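Quick check, what structure comes out for this input:
(4 chains)
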There are 2 protein chains.
Amino acid sequence: MNIGEAAAHANLPPKTIRYYEDIALIRPARAANGYRDYSQTDVHRLRFLQRARSLGFTIEECRALLSLYEDEHRASADVRAVATQKIGEVERKIAELQGMKATLKRLVQCCHGDERPDCPILEDLAGGPLPETGATRAPR
Amino acid sequence: MNIGEAAAHANLPPKTIRYYEDIALIRPARAANGYRDYSQTDVHRLRFLQRARSLGFTIEECRALLSLYEDEHRASADVRAVATQKIGEVERKIAELQGMKATLKRLVQCCHGDERPDCPILEDLAGGPLPETGATRAPR
DNA sequence: TGTGAGCCTTCCACTTACTGGAAGGTCAAG
DNA sequence: CTTGACCTTCCAGTAAGTGGAAGGCTCACA
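Numbers count the residues shown, from 1 in each chain, chains lettered A, B, ... in the order given. Reported below is the predicted structural model:
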């Protein structure tokens, strides 16, 4: 099957599928005319990738999961460890975003939001929490 | 003051501050020896940027906020609108991450996590939700 | 006077995971 | 025979920095 059909089956854009081939996540056969020719197995791999990416696994994690998937002797504990770690990362991101949201909401509530020039949001941005002198820490 | 000291005051790495200059967010003076020379106003801008970035505003949003900050006649409603929209974006991201987390937790709970090779996590990744075309599927 | 540490400078490359677009080949329908 | 929908490759760009090389400046210390 051509890339367009494979893309429809895998719910991925053709460009993304070609990119996955570039980075050696998949190696489709080629038809006589030079077109990529995807087997059912290829489509299966693509769907695996689509699903794993949508769950927040990075490309390299997907690569690892895929090789575990194709390893007949893997231990399910190995996969579980990857997923568990990912849950932790997702939780940290959620907490960070919730912190942002709380601060933004507070700022918006303080702001009268009219035509006057004085704005508590800008004042907070300008004068927000200070590091004590000397502490160099990169924000993330 | 030199970039290192400005970095400490602003809680930003020197590299990032140079990058902000590259993209014209800040224009420090130069000392006779070619070193960048940051004024108190420059440091103030840098701290504004650090704070706004840490709240999730993009560089371009920071640029807009900064120009509002320096516009004596801006309306506070304009700033409020930017912040309110950002809250919406943050909320959408949180919801997405919570969806990921729920799915990952379900998968981890289903996985026995031992030395056996069968793993519900991989099975789900391989056979997860399908787009319309092709195989039968259960809706999420 | 030299020297070494620790600053500072510029420039280039790399990161993630694609996405857009140009130039051109292939195929089926009308 | 042409048109339009596919397909191919290659190049470039995105966001927001980060890492490192190669070299200049300053200051304390011997």
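
Check residue A:120 and give its pLDDT.
pLDDT recorded at residue A:120 is 86.

I figured it hits residue A:106, correct?
No - judged on Cβ atoms under 8 Å, residue A:120 makes no contact with residue A:106 at a distance of 9.4 Å. C-betas here are computed from N, CA, C, even on glycine.

More neighbours: the two, which one.
More crowded of residue A:120 and residue A:106, by other Cβ atoms under 10 Å in any protein chain shown: residue A:120, with 17 against 13.

and the gap between that one and residue B:103?
Distance of residue A:120 to residue B:103, computed by Cβ to Cβ, to the nearest Å: 39 Å.

Leaving out sequence neighbours, find the closest residue to residue A:115.
Nearest residue to residue A:115 in three dimensions, chain neighbours excluded: residue B:75, at 4.5 Å (Cβ to Cβ, 6 or more residues apart in numbering or on different chains).

Quick check: the one you found touching residue A:112?
No - using Cβ under 8 Å, residue B:75 is not in contact with residue A:112; the gap is 10.1 Å.

Please identify which of these two sits among more neighbours.
Using other Cβ under 10 Å as the criterion, residue B:75 and residue A:112 rank with residue B:75 on top: 16 against 12.

Now the more buried one, what are its backbone angles?
Per-residue torsions, residue B:75: phi -100, psi 140 (degrees, to the nearest 10).

tell me the contacts of it?
The contact partners of residue B:75, taken as Cβ atoms under 8 Å, 6 or more residues apart in numbering or on different chains, are A:114, A:115, A:116, A:117.

Point me to the residue of chain A nearest DNA strand D.
residue A:4 (2.7 Å; Cβ to the nearest atom of the strand).

My guess is that residue contacts residue A:13. True?
No - under the criterion of Cβ under 8 Å, residue A:4 makes no contact with residue A:13, lying 10.0 Å away.

nearest residue to residue A:45 other than its sequence neighbours?
Using Cβ to Cβ, 6+ apart, the nearest residue to residue A:45 is residue A:26, at 5.5 Å.

so how far is DNA strand C from that neighbour?
For residue A:26, the distance to DNA strand C equals 12 Å [Cβ to the nearest atom of the strand, to the nearest Å].

ditto for residue A:85
Residue A:85 sits 14 Å away from DNA strand C, taking Cβ to the nearest atom of the strand as the criterion.

ditto for residue A:71
From residue A:71 across to DNA strand C, the span is 21 Å (Cβ to the nearest atom of the strand).

so who does the spatially closest residue to that residue that is not a sequence neighbour touch?
Excluding the flanking residues, the one nearest residue A:71 by Cβ to Cβ, 6+ apart is residue B:117, at 8.0 Å. Neighbouring residues of residue B:117 by Cβ under 8 Å, 6+ apart: A:71, A:72, A:73, A:74, A:75, A:76.

mind checking the SS state of the most far-flung residue of chain A relative to its centre?
Distance from the C-alpha centroid of chain A peaks at residue A:116, with 41.0 Å (Cα atoms, centre = their mean). Assigned by DSSP: H, G, I helix; E, B strand; the rest coil, the conformation of residue A:116 is coil.

Run a quick neighbour tally on the nearest residue to residue A:36 once chain neighbours are set aside.
Counting by Cβ to Cβ, 6+ apart, residue A:36 lies nearest to residue A:28, which is 4.5 Å off, once chain neighbours are set aside. The number of residues packed near residue A:28 is 23, by other Cβ under 10 Å.
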